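Novice: sequence-free structure coming up:
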C-alpha cells in the first residue's frame, strides 16, 4: 500500500477513535441519553473494508455501527449531533446511537436486532445483480450474530444464488457479556460455518487495516466476478464494554492488556514508520482528527433540539403518519 | 379474458399486470416459481417472467422477508410470499422491527416499497397452525399498511395499489375465498388503499366486515331482508389506512353498528373500529355496538368445532336482530 493511502486510512481511524472518545465523554456529561455501543478498537475493520469497496457499494451495520457510518462518509458532527438528540443529527434525532444511517452514501443502516440485517444485505445484492450495477453488499456483524437463525438463512440464500455479498464478522470475543466460545460449538463462529454453505470463510487480523483492506479487496473482486459470497471473520477487541453500562470487569486483565497492546492505530503507526513517513506527519494527522472532533462537539452542542412535530413525520413515504381517514 | 375470474387467478393476474408494467417488480417465496405456489396464486408468473424475477426460495422466512426489504431499499419493488399467514411469526422481526421502523428511525432516509403476501384465515380444515386470521398482528405495528380484499376485482386493484405503494404493505389473501369467482377487472384497474366500499346499501344497521367475513355479512343481510331488516354492508378492504370516514357516514344513515371479524375478539381490529365510533360517532348511535368475532382459542380442526369459534351467518343474523329490536 502506498504511504499516502496508509496515512489517509490512519487519519480516518484516528477520527473514529476521537469521535468514540467524545461520545464516551458526552455520555458521562449527561449529554447522550439511552446508551452507546462504542467501536473503539474496531476501527481497522470499517476503514480497511471501506477502502476496498466502491463508493456505491451497500453497507449494513449493527447497533455498534458508529465506525461504519463514519467510514462511509458520515461526519463526526452529524453522528455526535444524533447521539445528542439534535435536529442536525444524521437521522434528525429519530435514530440515535444504534441506528446511524447515511443512505445517500449507501450506508443503509445500523440495526439493533442482532443479525437482522444479514438477509437485507442479501436482498441488496440481489437487487444490484438484477439492475446490473456491479455493486456489492456488505453486512458487518458481531460474533454474537452467528448464532442467530437469520445468519444461517442469509448465508444459504446468498450461496444458492451466488450473490455479490460479503459477510464480515467483527469477532471481538464477547457476545455482549458472554465469551463467544462458551456459547458456540466451533472456534471460529463465522469462518468455520461458511464451508457448510459452500462458501469461503477466511480469518484476518481485524486490527491491521492493511490486512483487512487486502482480503476485502480480494473477496470483493471475486464476488463482483460472479463467484458468489464470502465470509470474513476479523479478529478484534472492544476497548470499552458492551455498552455504556458495562465496565467489562468479566474480561481477564492479561487478555485486555494483550489486546490493548495490539491497538489498530499503533499497528498502522508502525507501518507508517516502516514506510518512511515522518513522525510529525503522523502527529499532524492526529491533530487534524482531534480538531475536527473538537469542532464537531461544539457544533453539536450548539445545535437545536428537534421540532416536537417531528415525532409525527416519516412513518410513511409521503412524510406523514396518519393511519386512518 | 374470461367472463369470470377466481380470487386465486386474480392474485397472479394482479401481480403479472404490475410485473409487465414495471421491471422493478420481482417476486420471491417458497414454491412460487415453476410450481406456481401451493395455492396456485402465482401460476404462470415463472413462465412469463423467468427465474430472475420469480425467485424460488428455501424455507427461510426471515431470509425471504429480509431480502425483500434489502431489495426494496435499493430500487426494486419486491413481492414476497409467506405461504400461510401463521408463518409470519417466523419472520415477525422483519414485520415488527425492521420494515416498519426503518423510514422513521433513519429520519426519512430510507424507503421500503415492498409487499408481503400471505394466505390468511380459516375455513379449509388446515388445523390450528395453518388457519389463523392474523391481520391483527400487523395492525399492532405502526408503519405497515394492511390490505385484505374480498373479491377478485379488488385483489387485482389492490395488488396494483400495494405494489405501487412506496410504503410496505402486508397483503392478506383469504384462503377461504380463493375459489370464489367474480367479474374480471378492466385493464389498469387500481383500488386505492384505504378506501372502504359500501357493498350493500341499507337503512337499519351497518355491518362492517373484512375479507372472508364480507360474503358472510352479505348472506346475513339477505336473510335479514326477508324479515324487513335493511342492512348496509361495508367492506373495509384495508385496516391501514383505515377508512373510518365511510364507517361513520354509514352509521349516520343507520345509527346501528355490528362489526364482523374472523380474528379473535381479544385485540381484534373491530375493537379499534368501535373505539373510534365511541370517540367520534357516539351521537350517531341509537343502540349499543356489537362485535361478532372469533373466540379466543386456537382454531380447531373439525368443521363442527370451527363453526363454534369463528363468525357464521347465524351468529351475524342474531347480532343484527338484537340491535334492530333495541
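Specialist: Ah, there it is. Owing to the predicted nature of the structure, the values given are computational and were not obtained by experimental measurement.

Novice: now do the helices in chain A.
Specialist: A:3-28, A:43-52, A:66-71, A:76-83, A:117-131, A:149-160, A:209-222, A:253-261, A:264-274, A:279-302 (DSSP state H).

Novice: want to throw these into TSV with distance to residue B:26?
Specialist: Just so you know, the C-beta spots here come from the backbone N, C-alpha and C atoms, and that holds for glycine as well. Shown next, in TSV, are the helices of chain A (distance: least, C-beta to C-beta, whole Å):
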stretch	distance to residue B:26
helix A:3-28	36
helix A:43-52	28
helix A:66-71	28
helix A:76-83	33
helix A:117-131	7
helix A:149-160	14
helix A:209-222	24
helix A:253-261	45
helix A:264-274	40
helix A:279-302	41
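
Novice: and these: which comes nearest chain B?
Specialist: helix A:117-131 (2.5 Å; C-beta to the nearest C-beta).

Novice: in the closest one, which residues are buried?
Specialist: Residues of helix A:117-131 classed as buried by neighbour count (16 or more other C-beta atoms under 10 Å in any protein chain shown): A:117-130.

Novice: out of those, which are close to chain B?
Specialist: A:117-128, A:130 (C-beta under 8 Å from any C-beta of the partner chain).

Novice: which one of the residues you listed is nearest residue B:301?
Specialist: Distance to residue B:301 across these (C-beta to C-beta) is lowest for residue A:119, with 33.5 Å.

Novice: now that closest one. Nearest residue, chain neighbours left out?
Specialist: Leaving aside its sequence neighbours, residue A:119 sits nearest to residue B:66 (C-beta to C-beta, 6 or more residues apart in numbering or on different chains; 2.5 Å).

Novice: what number of residues lie near that neighbour?
Specialist: Neighbours of residue B:66 under the rule other C-beta atoms under 10 Å in any protein chain shown: 30.

Novice: please report the distance of it from residue B:223.
Specialist: For residue B:66, the distance to residue B:223 (C-beta to C-beta, to the nearest Å) stands at 47 Å.

Novice: if we can go back for a sec, just the helices of chain A: most buried one?
Specialist: Of all those, helix A:66-71 carries the top mean neighbour count, a mean of 30, counting by mean count of other C-beta atoms under 10 Å in any protein chain shown.

Novice: and that one, anywhere near chain B?
Specialist: No. Applying C-beta under 8 Å from any C-beta, one finds helix A:66-71 out of contact with chain B, separated by at least 11.1 Å.

Novice: just the mean pLDDT for that helix, thanks.
Specialist: Helix A:66-71 shows a mean pLDDT of 98.

Novice: list the buried ones in the worst-scoring helix or strand of chain B on mean pLDDT?
Specialist: Lowest mean confidence among the helices and strands of chain B (mean pLDDT, DSSP states H and E): helix B:303-309, at a mean of 94. Buried residues in helix B:303-309, counting neighbours by 16+ other C-beta under 10 Å, are found at B:306, B:309.

Novice: let me see the ranges of the strands in chain B.
Specialist: For chain B, the strands defined by DSSP state E occupy B:5-6, B:25-29, B:54-56, B:77-84, B:115-120, B:145-147, B:169-174, B:181-182, B:197-200, B:205-209, B:231-235, B:238-240, B:257-264, B:290-294.

Novice: on that earlier part again, what packs against the least confident helix or strand of chain B?
Specialist: Helix B:303-309 sits against no helix or strand, with contacts defined as 3 or more C-beta pairs under 8 Å, 6 or more residues apart in numbering or on different chains; DSSP states H and E.

Novice: what number of residues lie near residue A:103?
Specialist: Using other C-beta under 10 Å as the criterion, the residues surrounding residue A:103 number 18.

Novice: which ones are touching it?
Specialist: Residue A:103 sits next to A:109, B:106, B:109-110 when contact means C-beta atoms under 8 Å, 6 or more residues apart in numbering or on different chains.

Novice: re earlier: the residue nearest to residue A:119 against residue A:126, yeah?
Specialist: No. Residue B:66 is beyond contact range of residue A:126, at 11.1 Å (criterion: C-beta atoms under 8 Å).

Novice: mind listing what residue A:91 touches?
Specialist: Residue A:91 touches A:82, A:99-101, B:105-107, B:109, counting by C-beta under 8 Å, 6+ apart.

Novice: who's the closest spatial neighbour of it, skipping the chain neighbours?
Specialist: residue B:107 (3.9 Å).

Novice: next one: residue A:299
Specialist: Nearest non-adjacent residue to residue A:299, counting by C-beta to C-beta, 6+ apart: residue A:77, 4.9 Å away.
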